[in-house]
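**Student:** everything below, folded, please.
(4 chains)
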There are 2 protein chains.
Amino acid sequence: MSAPLENIARIKVRSLAALIEAEVERMIMGGEIAPGDRVNENQLAVRFGTSRGPIREALRSLEAGGLVELKPNRGVFVRSISLQEACDIYAVRAALFGLAGRLCAKRLISGQVAELEVLVRDMEQAAAAKDFDSYYPLNLKLHDFIMEHSGNPVLASHYRDLVKMLHLFRARSLVQGGGLAISNSEHREMVDAISSKDGERAHRAHFAHVMRARERLTHSQEIQSDIKTKKVS
Amino acid sequence: MSAPLENIARIKVRSLAALIEAEVERMIMGGEIAPGDRVNENQLAVRFGTSRGPIREALRSLEAGGLVELKPNRGVFVRSISLQEACDIYAVRAALFGLAGRLCAKRLISGQVAELEVLVRDMEQAAAAKDFDSYYPLNLKLHDFIMEHSGNPVLASHYRDLVKMLHLFRARSLVQGGGLAISNSEHREMVDAISSKDGERAHRAHFAHVMRARERLTHSQEIQSDIKTKKVS
DNA sequence: GAAGTGCAGATTGTCGACAATTGACAATCA
DNA sequence: TGATTGTCAATTGTCGACAATCTGCACTTC
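**Tutor:** Sure, this is the predicted structure:
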């Protein structure tokens, strides 16, 4: 009985570098450090009350994960994601989400499908009430549910990384875009496909859902571009 | 004219940590440090003639990239990939390769398709001669060509990471498995699909190709398992 | 006024030292 | 003899100091 307690104690011990990494990531994801900003080692060391060593270690991890980029002798900068890169990310995300849909169609049992049905229904109500604040967390929940229940941790991990990268892009985007009703009819098709246990159909529905989000992104950026042009002239 | 030169000089400057990271990755990929082995900071510091600081930084990068895992106060170990994880990786790889096929079908021009045709023909010859030493590099070349010409650097990067992970698994696998002729008929279908400019067909062909490699892997592991059982009894 | 040069301060990169943790081995106890 | 405890060496985690690099500003020259 003591072995589980020892393992738990071990899991809880984390180095300063790991703690700092998590905190800096939070600061970046939350917008406190914006894309393009430099991450100053000395300031972080003062802020966290540590030496620069663990700071540097944490930043190397964040760099390998793609959140920041290191320019030798000049510092570490939060990465900026261009529209092109965001589109590329969406395409990869669509492929992974499509696979998740395929896998869920093959492995979800009826109780789990029922959970998805509930989510879609709740989202339909939120959409009808034009209640974006309720809709958005449900949307996240649906996506997370599908990824976690795909049964493939490698898939879920890669997908999470991509979503994280997209946060760097969204930090600059003021237009949220996309109609709730359209998006939720796509969710309905996704869940129906999973329920039908047809892997191909589920793959198509999930892939298409993310690709349409990609198109909406491209479209909204074009609108923004047009608006800017008109203001100048 | 001097600005481009300065930029090139900047690109070339790399920290000790970056150099060490690349070297340790080479040692892992080449099998010099095997899955499960501990990576000793002091030994590396002696070997590279540096202090432990940059070693630690390099190892944090490698950890974030998934090649090694850090156990606080106990050291850094090269990761072992289980059969289950290898299967998961293959599935994700199939999804990404399928997307690459789809994108290539839409964007490759005839000269590029012709290059693929040459590769497939050369592989057919190597397969007919049962010349695995010639076949394997051509196989790599075909896969790399498709990924690089997908036009999506995010996709290519994720794919490369997955292939890198699979090296950790292969370092333990003695059976290479799979018939050359079968594999190359799949390559033929892939290239034909790209040539036909049918994205859906190309996606199916590329996805199926990697999924069959996944099946061959599972099958060969089952055979190994059977052999071991028979030896014991 | 524009261009070039030099310098100082800020910051990054690396080093070696000290502190903390772990695992292996030896000694002790029941 | 097996279980428990203590010790020590190896290794990891962190610190602060020194060296190197870069940028911005002031001064000089044309």
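**Student:** which bits of chain A sit near chain B?
**Tutor:** A:10, A:13-15, A:17-18, A:53, A:56-58, A:60-65, A:70-73, A:85, A:88-89, A:91-92, A:94-96, A:98-99, A:103, A:152-155, A:158, A:162 (C-beta under 8 Å from any C-beta of the partner chain). Any C-beta I mention is one placed from the backbone N, CA and C, and that applies to glycine too.
**Student:** correct me, but residue A:62 touches residue A:68?
**Tutor:** Yes - in this structure, residue A:62 is within contact of residue A:68 by C-beta atoms under 8 Å, at 4.8 Å.
**Student:** ok so, going back, which of the residues of chain A next to chain B are close to DNA strand D?
**Tutor:** Among the residues of chain A next to chain B, proximity to DNA strand D is found for A:15, A:17, A:53, A:57, A:72, A:73 (C-beta under 7 Å from any atom of the strand).
**Student:** residues shared between the contacts of residue A:62 and residue A:68?
**Tutor:** Residues touching both residue A:62 and residue A:68 (C-beta atoms under 8 Å, 6 or more residues apart in numbering or on different chains): A:28, A:76.
**Student:** that older thread, just the ones next to DNA strand D among the residues of chain A next to chain B: which are in helices?
**Tutor:** Mapping these onto helices (DSSP state H) picks out A:17, A:53, A:57.
**Student:** okay, helices next: where are they in chain A?
**Tutor:** Counting by DSSP H, the helices of chain A are A:2-12, A:16-29, A:41-48, A:52-64, A:83-107, A:110-128, A:132-148, A:153-170, A:180-196, A:199-232.
**Student:** tell me the buried residues in the third one?
**Tutor:** By neighbour count on 16 or more other C-beta atoms under 10 Å in any protein chain shown, the buried set for helix A:41-48 is A:41, A:44, A:45, A:48.
**Student:** and the residues you listed, which is closest to DNA strand D?
**Tutor:** DNA strand D lies nearest to residue A:45 out of these, by C-beta to the nearest atom of the strand, at 7.4 Å.
**Student:** now do the same contact list for that closest one.
**Tutor:** Taking C-beta under 8 Å, 6+ apart, we find residue A:45 in contact with A:51, A:52, A:55.
**Student:** let me see the contact set for the first one.
**Tutor:** Think residue A:51. Contacts of residue A:51 (C-beta under 8 Å, 6+ apart): residue A:45.
**Student:** likewise the one 10 residues further on?
**Tutor:** When contacts are counted by C-beta under 8 Å, 6+ apart, residue A:61 touches A:17, A:21, B:60, B:61, B:63, B:64.
**Student:** what does chain A have sitting close to DNA strand D?
**Tutor:** So chain A meets DNA strand D at A:15-17, A:49-54, A:57, A:72-74 (C-beta under 7 Å from any atom of the strand).
**Student:** now do 6 Å
**Tutor:** Taking C-beta under 6 Å from any atom of the strand as the criterion, chain A approaches DNA strand D at residues A:15, A:16, A:17, A:50, A:51, A:53, A:54, A:73, A:74.
**Student:** which of those come close to DNA strand C?
**Tutor:** Okay, of the residues of chain A next to DNA strand D touching DNA strand C (C-beta under 6 Å from any atom of the strand), that's A:53, A:73.
**Student:** out of the residues of chain A next to DNA strand D, which is most surrounded?
**Tutor:** Ranked by neighbour count (other C-beta atoms under 10 Å in any protein chain shown), those have residue A:17 at the top, with 23 neighbours.
**Student:** confidence score at that one?
**Tutor:** With respect to pLDDT, residue A:17 scores 96.
**Student:** residues in contact with stretch A:141-160: which ones?
**Tutor:** Against stretch A:141-160 from outside (C-beta under 8 Å, 6+ apart): A:93, A:96-97, A:99-101, A:103-104, A:107-108, A:112, A:115-116, A:119-120, A:123, A:187, A:190, A:194, A:206, B:85, B:88-89, B:91-92, B:95, B:158, B:162.
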